[in-house]
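J.: return a 3D structure for these sequence lines:
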Amino acid sequence: MKKNYFTILLCIIALQLTHAKNYVTGDVHTNLGIVSKNLTAGIESYNLAGLQYHADLCKKAIENVKTSLQDSDCTKALDLSRSISTYMDTALLADDLASGRTYLQMAEKLILDIFYEYDVCTSSESTATTDVATDNGGSALSQLEQQQAQLKQQQAALEQQANALKQQLADQKAKKAQLEKEQFIIKQNQAIDNNVSSYNNLLQSCNCNTTVNDNTGSTMDATTATIPEIKSYYLEKAVKITQQYLEKLKTCKQ
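T.: From the prediction side, this is the model:
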């Protein structure tokens, strides 16, 4: 009788342990499913706020996975969950949609690996199968390191291109400003010449036997002057030429 009771007790304990294990398994699978679903939704988001909303849900779910695996022997699955968590942290700090989407895509590539590693870890397959899983896990981590290196290279290349484009735009802006200034000076010189010619024609028609010129005594460094400064210079010059013409006209009248 005691022997039968002891057997029943062992069965109950075994069932409880099995139930506990299944609960943890379901918890990990459920959270991994949440991560996978929100990674897809985040990648498909049309703005950074939507992407980071789903990244935050992924972060919470993957943290639950890490907690479930913390005291287990599933080291490969735990390492992959930490990598995904790191990607989510980076996505949440991203300044633009493209960068955030890149980190989510990199995390998405690890989801199947972590499912596989966890299932192998919790299954009763042979040692050979476990060895294969270890090799696959190492390969996944190696790919992660390569992806991180490639991402850094891409970011450096993008920054270099952005700086080159910024310098190119600045050069174009400077050239445009210089061309506008040169055209403005040409136009003003033509206007001064026309005024001098008109004044001299009037003086000649009145038999004044004198002329005006554009030697006003003022100078300007066109290479450093701004358009408002150039405009002010030519206005002052036009005023002085006009004053010169009126004085000569009065003298002629006398």
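J.: tell me the mean pLDDT for the host helix or strand of Gln172?
T.: Secondary structure assigned from DSSP states H and E places Gln172 in helix 127-205. Helix 127-205 carries an average pLDDT of 76.
J.: relative to helix 127-205, how tilted is the next helix-or-strand element following that helix?
T.: Later in the chain than helix 127-205, the nearest helix or strand by DSSP H and E is helix 227-253. Using axes from the mean of the first three to the mean of the last three C-alpha atoms, to 10 degrees, the inter-axis angle of helix 227-253 relative to helix 127-205 is 0 degrees.
J.: which strands or helices does helix 227-253 pack on?
T.: helix 127-205 (3 or more C-beta pairs under 8 Å, 6 or more residues apart in numbering; DSSP states H and E). Any C-beta I mention is one placed from the backbone N, CA and C, and that applies to glycine too.
J.: show me what contacts the residue nearest to Ala94 when sequence neighbours are not counted?
T.: With C-beta to C-beta, 6 or more residues apart in numbering as the criterion, Ala94 has its nearest non-adjacent residue at 3.6 Å, and that residue is Gly100. Neighbouring residues of Gly100 by C-beta atoms under 8 Å, 6 or more residues apart in numbering: 42, 48, 51-52, 55, 91, 94.
J.: closest one of those to Thr242?
T.: Within the contacts of Gly100, proximity to Thr242 (C-beta to C-beta) peaks at Leu48, which comes in at 61.9 Å.
J.: so how far is Glu182 from the closest one?
T.: Applying C-beta to C-beta, to the nearest Å, the value for Leu48 to Glu182 is 44 Å.
J.: please apply the same query to His54.
T.: From His54 to Glu182 the distance is 55 Å (C-beta to C-beta).
J.: Gln52 - nearest residue in space that isn't next to it in sequence?
T.: Nearest residue to Gln52, sequence neighbours excluded (C-beta to C-beta, 6+ apart): Leu92, at 5.5 Å.
J.: tell me the pLDDT at the one you found?
T.: At Leu92, pLDDT is 92.
J.: got the contact list for it?
T.: Residues in contact with Leu92 (C-beta under 8 Å, 6+ apart) are 52, 55-56, 59.
J.: which one of those residues has the most neighbours?
T.: Top of the contacts of Leu92 by neighbour number is Ala55, holding 29 neighbours under the definition other C-beta atoms under 10 Å.
J.: residues touching it, list them.
T.: If you count contacts by C-beta under 8 Å, 6+ apart, then Ala55 has 38, 42, 88, 91-92, 100, 103-104 around it.
J.: swap in 7 Å and give it another go.
T.: Residues near Ala55 by C-beta atoms under 7 Å, 6 or more residues apart in numbering: 42, 88, 91-92, 100, 104.
J.: circling back to that earlier point, ok, and the most crowded of the contacts of Gly100?
T.: Ala55 (29 neighbours).
J.: that residue sits in which helix or strand?
T.: Using DSSP H and E, Ala55 maps to helix 48-69.
J.: distance to Tyr233 and secondary structure added to the contacts of Ala55, as a markdown table?
T.: Shown next, in a markdown table, are the contacts of Ala55 (distance: C-beta to C-beta, whole Å; DSSP: H, G, I helix; E, B strand; the rest coil):
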| residue | distance to Tyr233 | secondary structure |
| --- | --- | --- |
| Gly42 | 60 | helix |
| Met88 | 62 | helix |
| Ala91 | 57 | helix |
| Leu92 | 57 | helix |
| Gly100 | 54 | helix |
| Leu104 | 60 | helix |
